[in-house]
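Engineer: Based on what follows, work out the 3D shape:
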Amino acid sequence: MAIYHIDPTDQKILSFLVKNARMPFLEIARECGVSGAAIHQRVKRLEANGVITGSRLLVKPQALGLNVCAFISISLSEADKYLEVVASLKKIPEIVECHFVTGKYALLVKMYCLNNDHLMEVLLRTIQKIPYIQATDTMISLDEAIDRQVWVKDYKSTSFTKAE
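Structural biologist: Residues are numbered from 1 along each chain as shown. This next block holds a predicted model:
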């Protein structure tokens, strides 16, 4: 595995792109005091080394009528069936995140539904019918107080091991 070093200029580039992925490279270049070509090369290198894994358009779920955000903790009857359960959960379009977690439950999923009836339908007719799901515990989000991308460190440099 190769070690990739993120220097202060890379960190500055990342901090701009995290805030606005559409920020023009020339504007980032002015802020960093380097050429537009240098920014382009650095971004390509960050992509090639797996630091930047893509960019995407974000849509507010409420704009699509998805007014209920729920977090569901899932316990499994057999922990070694985790991958099978996740494969089934991937088929449910309402689920936008799934995490394998420590603690009382094995999985934590985030999902968006049209309303509480839709949430109950997905829970009862889909999620709870998946083999090896033993129990669920659902929390409905009343407000999303913080919504942001990963924080880019202000340290002088960072290194990480690139998986090859």
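Engineer: the domain parsing of the protein - what is it?
Structural biologist: 2-56, 61-141 (automatic domain parsing).
Engineer: now those domains in CSV, with mean pLDDT, distance to residue 148 and mean neighbour count?
Structural biologist: C-beta here means a position set from N, CA and C on the backbone, and glycine is covered the same way. Compiled in CSV, the domains of the chain are given as follows (pLDDT from 0 to 100; distance: least, Cβ to Cβ, whole Å; neighbours: other Cβ atoms under 10 Å):
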stretch, mean pLDDT, distance to residue 148, mean neighbour count
domain 2-56, 92, 8, 15
domain 61-141, 97, 15, 15
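Engineer: Out of the ones you listed, which is closest to residue 150?
Structural biologist: Checking those against residue 150 by Cβ to Cβ gives domain 2-56 as the closest, at 6.6 Å.
Engineer: I'd like the distance between residue 140 and residue 69.
Structural biologist: Plainly put, residue 140 is 7 Å away from residue 69 if you go by Cβ to Cβ, to the nearest Å.
Engineer: where do the contact lists of these two overlap?
Structural biologist: When Cβ atoms under 8 Å, 6 or more residues apart in numbering defines a contact, no residue borders residue 140 and residue 69 alike.
Engineer: all strands for this structure, in order.
Structural biologist: Counting by DSSP state E, one finds strands in the chain at the ranges 2-6, 68-76, 95-100, 107-113, 133-141, 158-162.
Engineer: mean confidence score for the last one?
Structural biologist: In this case it means strand 158-162. Here strand 158-162 scores 60 as its mean pLDDT.
Engineer: residue contacts, the residue lying closest to residue 12 once chain neighbours are set aside?
Structural biologist: Spatial nearest neighbour of residue 12, excluding adjacent residues (Cβ to Cβ, 6 or more residues apart in numbering): residue 32 at 5.3 Å. By Cβ under 8 Å, 6+ apart, the contact set of residue 32 is 9, 12, 13, 39.
Engineer: what bridges to the residue nearest in space to the middle of the chain?
Structural biologist: Centroid-nearest residue in the chain: residue 97, 7.0 Å away (criterion: Cα atoms, centre = their mean). Using DSSP bridges, the beta-bridge partners of residue 97 come out as residue 110.
Engineer: where do the helices sit along this protein?
Structural biologist: Taking DSSP state H, the helices of the chain run over residues 8-19, 25-32, 36-48, 82-89, 116-125.
Engineer: rewinding a little: include distance to residue 147 when you put the domains of the chain into CSV, please.
Structural biologist: What follows is these, written out as CSV (distance: least, Cβ to Cβ, whole Å):
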stretch, distance to residue 147
domain 2-56, 13
domain 61-141, 11
